[in-house]
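sequence plus predicted model, see below.
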Amino acid sequence: MFSYILGSCRRWQAAIVVILLGFQLPLKAQGLTDTLRLPLPEMEKRFLDSNLLLLAAHYNVDAQKALIEQARLWDNPVLNTDQVIAAGGRFLPYGKNADGSYTGQYYIQLQQLIRTAGKRGKLIGLASTNAKLSELQLQDVLRNLRYQLHTDYYNLVQQLETRHIYEAQLEQLNKLLSGMEAQLSAGNIAQKDYLRIQGLGISLQQDITELDRNITENESDLRTLLQIRTDVFVKPATGFTGPGEGSLTDQDLLFQSAKQNNPAYLLQQAQVVYQQQNLAYQRSLRVPDITVGPNFDRNSSFAPNYIGLGISLPIPLLNKNQGNIRSAEYSIRQQQSITANAETELRNNLGNAFHKWQLSLQQDNAVQKSFYARYRDMYRNILQSYQQKQIGLLEFLDFFNDYTASQQRLLQQHLNLQLAKEELNYHAGSDLIK
């Protein structure tokens, strides 16, 4: 009776293991029909060619450049005319009198606005600076999206390699469970030992499921950046690239380089220039523009055919554009404060990123690489020793968990180094570390 119950228990346990193994199918088997393997440079090229946010930013640059051409255009002349339609009971009384003089009256004037105080040139300058602002905005959008692409790529590398470790660990546990079934049937091991190993496998499978959720979110972000169909599995073709090439020791030189290349900071500087140009334009509006218009008048003046010249301009007695000028002055001060804060923020962000990179480099050394290599060899020996009953279950479980955690720390260390490098390049505005 006891052997029957024990056999039924083992069958249920085996069924649970089979069901759990079914849950660990790769994501590409769960609805994704194609796999796209790309190294980071090819992903970046595809991103530059197809990302819609970049395309929209490019269109904005073109739109602002078109406004420069518009600012260069002169104002159109204005034609004014006054024609007699009916007079003295006659409709359109035009013709000649007996003495040869013309009958009827009409008036024609052609007016042209002449902008004074260099207003046209100042408007061209404002439009040009606005176009430069749109170009810097494009560069900043590119910088942010490129940083997101790189971080998503390396996060996905770390997640997939972590999944590979979990799968390898789960495979070892399943092999161990298969061997323990015969020992359990023979009564050579306790059922609690079998269940402890099985519980460890269930825990690993739950970790894989949670990891798959994170992988799905990361891939969704990459598909959006690359404009890839939702049924395509995106997989990095290369792994971590190491500490990178580049020698950075002087943070002051690094900061000066960032001030010349970081588009977010350059954007704030350009805003100061724009506000200064706006102040110059507002001051020029104090000077009235002149409207000049030659005119011809037939039969409504002291001379039958009158030719004159009209000149008009507003007299700046009450409105001298004082409010707009004062507003422009305050806008300059406001933008200068924003730019000074942006400089402080850039220095701090750059220093923080530099410090992170230095700390990550310290962790990436030969001693630690040797330790992890020897630890992997020790793990294989521990697994074999447990199978041969040279060590107990508790010692095996402790080492198994420690080994899994150490592999996670190693991958996190690689990821931290890559992300620190990307963050430093992001704030520097250029690839200082390749």
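Okay, I see it.

mind listing the strands in the stretch 201-350 of the chain by residue range?
For the stretch 201-350 of the chain, the strands defined by DSSP state E, counting those that start in this stretch occupy 232-236, 290-298, 305-312.

out of those, which comes closest to Gln83?
strand 290-298 (10.3 Å; C-beta to C-beta). For every residue, glycine as well, the C-beta is placed using N, CA and C.

check which helices and strands that closest one sits against.
Contact here means 3 or more C-beta pairs under 8 Å, 6 or more residues apart in numbering; DSSP states H and E; on that basis strand 290-298 packs against strand 78-83, strand 106-114, strand 305-312.

so which of those is the most packed in?
Counting by mean count of other C-beta atoms under 10 Å, strand 106-114 has the highest mean neighbour count of the helices and strands packed on strand 290-298, with a mean of 15.

so that one versus strand 305-312, what angle?
30 degrees (axes from the mean of the first three to the mean of the last three C-alpha atoms, to 10 degrees).

strand 106-114 vs strand 78-83, what angle?
Using the same axes, to 10 degrees, strand 106-114 lies at 170 degrees relative to strand 78-83.

need the contact partners of strand 106-114.
Strand 106-114 is contacted from outside by 75, 77-84, 289-298, 300, 310, using C-beta atoms under 8 Å, 6 or more residues apart in numbering.

tell me the strands beside it, with direction?
In the sheet containing strand 106-114, its partner strands are strand 78-83 (antiparallel), strand 290-298 (antiparallel), by DSSP bridges.

could you report the pLDDT at the closest residue to Val78 other than its chain neighbours?
Residue nearest to Val78 in three dimensions, not counting chain neighbours: Gln111, with 4.4 Å by C-beta to C-beta, 6 or more residues apart in numbering. pLDDT, Gln111: 96.

low-confidence stretches in the stretch 101-250 of the chain?
Scanning the stretch 101-250 of the chain with the threshold set as pLDDT under 70 gives 242-248.

surely Ile391 touches Ser385?
Yes: using C-beta atoms under 8 Å, Ile391 makes contact with Ser385 at a distance of 4.9 Å.

shared neighbours of the two, anything?
In contact with both Ile391 and Ser385: no residue, using C-beta under 8 Å, 6+ apart.

more neighbours: which of the two?
Ranked by neighbour count (other C-beta atoms under 10 Å), Ile391 and Ser385 place Ile391 first, with 17 against 14.

which residues does that one contact?
Neighbours of Ile391 in contact, by C-beta under 8 Å, 6+ apart: 382, 385.

which residues of the stretch 151-300 of the chain fall in helices?
Under the criterion DSSP state H, counting those that start in this stretch, the stretch 151-300 of the chain contains helices at 191-226, 251-261, 263-284.

need the strands of the stretch 201-350 of the chain in TSV with distance to Leu123, can you?
Shown next, in TSV, are those (distance: least, C-beta to C-beta, whole Å):
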stretch	distance to Leu123
strand 232-236	48
strand 290-298	17
strand 305-312	22
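
alright, that wraps it up for me.
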